[in-house]
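Colleague: can you look at this prediction? I've put the sequence above it.
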Amino acid sequence: MSPRRSGILLHPTSLPGRFGIGELGPEAHRFAGFLAAAGQRLWQVLPLGPTGYGDSPYQCFSAFAGNPLLVSLETLVEDGWLDASDLEPARDFPQDAVDYDAVAAFKLPLLDRAFRNFEARAAPAARAGFDSFRQAHAAWLDDYALFMAVREAHETAAWTAWEAGIRERRPEAVARWRKDLSQAIRARQFGQYLFFTQWQHLQDRCRALDVAIMGDVPIFVAHDSADVWSHPELFQLGPDGSRKVVAGVPPDYFSATGQLWGNPLYDWGELARTGYAWWIDRVRAALRMVDLVRLDHFRGFEGFWEIPAGKETAVEGRWVKGPGAALFEALRDALGDLPIVAENLGVITPEVEALRERFGFPGMAILQFAFGRDPEAAQFQPHNYPRNRVVYTGTHDNDTTVGWWASSGAGDSTRTDGDVRDERARALAYLDAEGREIHWAFIRAALASVADTAIVPLQDLLGLGSEARMNLPGRAHGNWRWRFTAGSLTDEIRERLKKMAELYGRTAAGPTGGPEE
């Protein structure tokens, strides 16, 4: 049986710091220390890839690469690849939000400078380390670095707009572009080397503190990605690389018109023919970086919502059967026990739950969903939880708990004002609360539940309102920006959380560690 534990959901972009975005350096290590001191045994992050459209971690240029914007500049100074003067003067970035365009304009040239300095200064041992990294990750790194270099040569145009030879990956074109862009390709590989080196140091720090890391594997990948460009046969594409059908979900709690994600859909027949090799590689890579993964949109593996390309909303779609048990049997055969949490939210059928239960994956429960008038609310109420469950006060897709409590319900969901009033009354009665410090009432209910794992977004721990919301599903821009500010995690908050974790038996350290290299 898994040990009872609790943790915090915080994406690294939300860490404080002076360079406009959270990084994998001192502040990340400091946050890991806070978790341990507060009796927390889990740090959940969102997908760590290089973000593309809308700055979303669920729309990345690669399912395998890391986000170079997370590379710590201070660490690069310590390592000798940048000079301290390179960081001065840093731009006057906002402290509570990420301006992705401004951060990229500032940081990416510095990463290129670090690469040039490495080429000029690196000792043989450092060069050998880089070469070893390139060889170990060549299966995805070569295509990713080429993809990014060619994309930059085409003024960041999507791969479907590239010249025909490289768009179609004709061998002679690939060879020519690799030769012509050799330095740019090597620079992108170096950026990945920096990311993975720093991530490994953070991972080692967390393991030393008995803090496990939960990653996030999105079911879908972005159309404009190295994955789709290098493996078009695995997706439902037209001859020109355009999408035939796209992913999304039908109307639900979040949106009356559904969510139109736009990701290309897999050709599951072709994936099955290969023994699901691409998925095995993907999950293996993820489990080398984290201790367990939240498998996003688990429902889509049993059946997914298929929307014809070109539609403006997700309303006009249909359910299509997914790979089901065959995929997870292949993953288990290749990787052994699968430390997976199934994101089983949305339109969940008995078939979806049977698939999850067959492989023993814990599902999720969201406290914010527990007090509505719909029949589905009962499954989110703590007295109905099984132990094999991960309970959240809310997720990155929800409003914060304080924001949810203050909300009229208009604009971000299908709740009416009357629904909101009824929800509030039921929540107060259930939690035996008065409405003051509603976030702490939610945290207590989550940690007190029988669910083996309880996770709290940092925004809820800090008692922040809707201004700190991470994502509004269906909104194309303006998401993923929130950051907490230095000094927010006070001794009082740490001790209060620690006492609550101790009270409900959630401080015992659990096993960490993914598959061996």
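Modeller: Structure's in. What do you need?
Colleague: drop to CA atoms for contacts and neighbour counts, all remaining ones
Modeller: Fine.
Colleague: what's Val307 in contact with, if anything?
Modeller: To be clear, residue 307 is Ile; Val isn't right here. Val245, Val246, Ala247, Gly248, Ala314, Glu316, Gly317, Arg318 (CA atoms under 8 Å, 6 or more residues apart in numbering).
Colleague: and if you look at Gly238?
Modeller: Lys244.
Colleague: what about the strands in the stretch 351-500 of the chain?
Modeller: For the stretch 351-500 of the chain, the strands defined by DSSP state E, counting those that start in this stretch occupy 363-366, 389-392, 453-457.
Colleague: out of these, nearest to Ala90?
Modeller: Closest to Ala90 of these, according to CA to CA: strand 453-457, at 29.4 Å.
Colleague: tabulate the strands of the stretch 351-500 of the chain (a markdown table), appending mean pLDDT, mean neighbour count and distance to Leu331.
Modeller: Formatted as a markdown table, the strands of the stretch 351-500 of the chain follow (pLDDT from 0 to 100; neighbours: other CA atoms under 10 Å; distance: least, CA to CA, whole Å):
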| stretch | mean pLDDT | mean neighbour count | distance to Leu331 |
| --- | --- | --- | --- |
| strand 363-366 | 97 | 23 | 18 |
| strand 389-392 | 98 | 25 | 22 |
| strand 453-457 | 98 | 25 | 24 |
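Colleague: just to revisit the earlier point, can I get the contacts of Ile307 in CSV with pLDDT, secondary structure and neighbour count?
Modeller: Shown next, in CSV, are those (pLDDT from 0 to 100; DSSP: H, G, I helix; E, B strand; the rest coil; neighbours: other CA atoms under 10 Å):
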residue, pLDDT, secondary structure, neighbour count
Val245, 97, strand, 22
Val246, 97, strand, 25
Ala247, 96, strand, 24
Gly248, 93, strand, 25
Ala314, 93, coil, 26
Glu316, 92, coil, 14
Gly317, 95, coil, 20
Arg318, 95, strand, 14
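Colleague: could you dump those residues to TSV with distance to Gln40?
Modeller: Below are the contacts of Ile307 laid out as TSV (distance: CA to CA, whole Å):
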residue	distance to Gln40
Val245	42
Val246	39
Ala247	35
Gly248	34
Ala314	39
Glu316	43
Gly317	42
Arg318	42
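Colleague: go through those and name the one nearest Leu335.
Modeller: The nearest one, if we look at the contacts of Ile307 relative to Leu335 and count by CA to CA, is Ala247, at 27.4 Å.
Colleague: can you get me a residue count around Ser466?
Modeller: Counted with other CA atoms under 10 Å, residues neighbouring Ser466 total 17.
Colleague: what sits against it?
Modeller: Here Ser466 is in contact with Asp399, Thr400, Val402, Gly403, Trp404 (CA under 8 Å, 6+ apart).
Colleague: one more time with 7 Å
Modeller: When contacts are counted by CA atoms under 7 Å, 6 or more residues apart in numbering, Ser466 touches Asp399, Thr400, Gly403.
Colleague: now Ala38
Modeller: Residues near Ala38 by CA under 7 Å, 6+ apart: Arg494, Glu495, Leu497, Lys498.
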